[in-house]
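1. Structure, please.
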Amino acid sequence: MAKRRLRRHARAWHLWAMGVGAVISGDFFGWNYGLATGGFGGMLCAVLVMTVLYLGPVSYTHLDVYKRQCDTRPPMLQKLQV
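-> Residues are numbered from 1 along each chain as shown. Model prediction:
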């Protein structure tokens with residue numbers, strides 16, 4: 001019983017290679033399933049929805065940062081909504 005032990009076969013390089021292979025084949029992100037069920041049009045709609053959902057908060061954040069950088073009032077007065 002003392003001789004039975006698990007041996008390590010997969011090292012970091014092997015795990016990295018398996019992860020890259022899964023991403024390249026599309027299994028990790030579901031591209032194959034998405035194309036099979038929704039087709040090209042369905043995937044295009046999904047990409048457009050995700051683009052809008054991404055750009056909405058990002059553009060709002062950029063505008064907010066720009067607005068704060070352009071405000072030349074002292075920090076105490078910047079908090080006032082004037």
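2. Next secondary structure after whatever helix or strand L44 lives in?
-> Secondary structure assigned from DSSP states H and E places L44 in helix 31-70. Proceeding N to C from helix 31-70, the next assigned helix or strand is helix 75-78, under DSSP H and E.
3. Could you give me the buried positions within that next one?
-> Of the residues in helix 75-78, none count as buried by neighbour count, 16 or more other Cβ atoms under 10 Å. Any C-beta I mention is one placed from the backbone N, CA and C, and that applies to glycine too.
4. about what we covered before: what's the average pLDDT for the helix holding L44?
-> Average pLDDT, helix 31-70: 81.
5. so how far is that helix from its chain's centroid?
-> Helix 31-70 sits 11 Å away from the centroid of its parent chain (Cα atoms, centre = their mean, to the nearest Å).
6. Could you list every helix and strand that that helix packs against?
-> Helices and strands touching helix 31-70, by 3 or more Cβ pairs under 8 Å, 6 or more residues apart in numbering; DSSP states H and E: there are none.
7. Buried residues, that helix. List them.
-> Across helix 31-70, burial judged by 16+ other Cβ under 10 Å covers G34.
8. mind checking how far A17 is from P75?
-> Applying Cβ to Cβ, to the nearest Å, the value for A17 to P75 is 52 Å.
9. Also L55?
-> Taking Cβ to Cβ, one finds L55 at 30 Å from P75.
10. likewise N32?
-> On the measure of Cβ to Cβ, N32 and P75 end up 53 Å apart.
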